[in-house]
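>>> Next come a sequence and a model predicted from it.
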Amino acid sequence: MFRHTMLFLGYELGNVRRNPVWPLFGILQPVLYLLLFAPLLTTMTKGGTLADALRMFTPGAMMMIALFGSLFTGFTMINETRNGVLERLAVSQAWRPAIILGRVIKDVLVLIVQSLLVMGVAMLMGLRLGVASLLLMLLLMAATGLFATGISYGLALAVRDEGGMSQIVQFFALPLTLLAGMLLPISLGPQWMQTVARFNPLYYSVEAGRSLFAGHLSDSTIPIAFGLFAVLGVLTLTWAVRSLRSLAG
């Protein structure tokens, strides 16, 4: 099992190494938001400084990568399904979950590197983080990315059409972004929006990220977010693996 997973992981990482442009483009939007949008939020924070604005906004910008970057990872799998590559792998002697796990681990590793780059830009702008907060934030990004990539691969294997999958992803991505409070804290919105946001799992990851960046490591949102995404990650991965088994017949 481990050997097969590492073989698929090595193959996927080789593809990233040969074409590193897309992961770099994936952080372009969050970095632009940090540079152009975060300074506008200084009057909305208690301290009124750029550092305070960055502590509020950077976790949301990072979750944009976890959501948008991870939800689109499944498109390559649709092409492989159409060409018969994935079906041949699924009926081979390889351990089937390794086909999914290798890709997911690759996506999580890329997400962690992207997160470090975004946090590096924020630190250059004045953000200060403790080591514990930084490490926990990276783990939270990995857990969130695990959930989103599982959904993406499950959708890709279920829909098997780029147009249909794109419509589904775009339909859900914007409401999830707004109701998670990625751009602005959901506490600034009306009561009905705050109530609806509690049914959005990404809301908890954004709130936990803001607690980590503020240094409130004992805040209740942190264990809630980790527990929630651990369960959701297992469920979405299970769905993706079962969809692959269905493909193999």
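Cool, got the structure.

>>> could you say which helix or strand contains Ala156?
helix 131-159 (DSSP states H and E).

>>> most centrally placed residue in this protein?
Nearest to the geometric centre of the chain sits Ala66, at 1.8 Å (CA atoms, centre = their mean).

>>> And for the spatially closest residue to that one that is not a sequence neighbour, the neighbour number?
The shortest distance from Ala66 to any non-neighbouring residue, by CB to CB, 6 or more residues apart in numbering, is to Thr144 (4.2 Å). The way it works is simple: take the backbone N, C-alpha and C, and place the C-beta from them, glycine included. Other residues near Thr144 come to 31 when the count uses other CB atoms under 10 Å.

>>> who's in contact with Thr144?
Applying CB atoms under 8 Å, 6 or more residues apart in numbering, we find Thr144 in contact with 63, 66-67, 70, 202, 205, 229.

>>> hang on, the earlier thing: okay, the residue nearest to the centre of the chain: pLDDT?
Listed pLDDT for Ala66 reads 88.

>>> Was I right to think it contacts Gly145?
Yes - contact criterion CB atoms under 8 Å: Ala66 and Gly145 qualify, at 4.9 Å.

>>> Just after the worst-scoring helix or strand of the chain on mean pLDDT, pick out the following helix or strand.
Least confident element among the helices and strands of the chain, by mean pLDDT, DSSP states H and E: helix 85-90 (a mean of 74). Where DSSP H and E defines the elements, the next helix or strand beyond helix 85-90 is helix 96-124.

>>> Packing partners of that next one?
Contacts defined by 3 or more CB pairs under 8 Å, 6 or more residues apart in numbering; DSSP states H and E place helix 96-124 against helix 2-18, helix 21-26, helix 28-36, helix 50-64, helix 85-90, helix 131-159, helix 221-248.

>>> Out of those helices, which is closest to Met123?
helix 50-64 (8.7 Å; CB to CB).

>>> thinking again about what came up before, with the contacts of Thr144 in mind, which one is nearest to Arg55?
Met63 (14.4 Å).

>>> Val118 - how many residues pack around it?
Val118, neighbours per other CB under 10 Å, totals 22.

>>> repeat for Phe75
Phe75, neighbours per other CB under 10 Å, totals 15.
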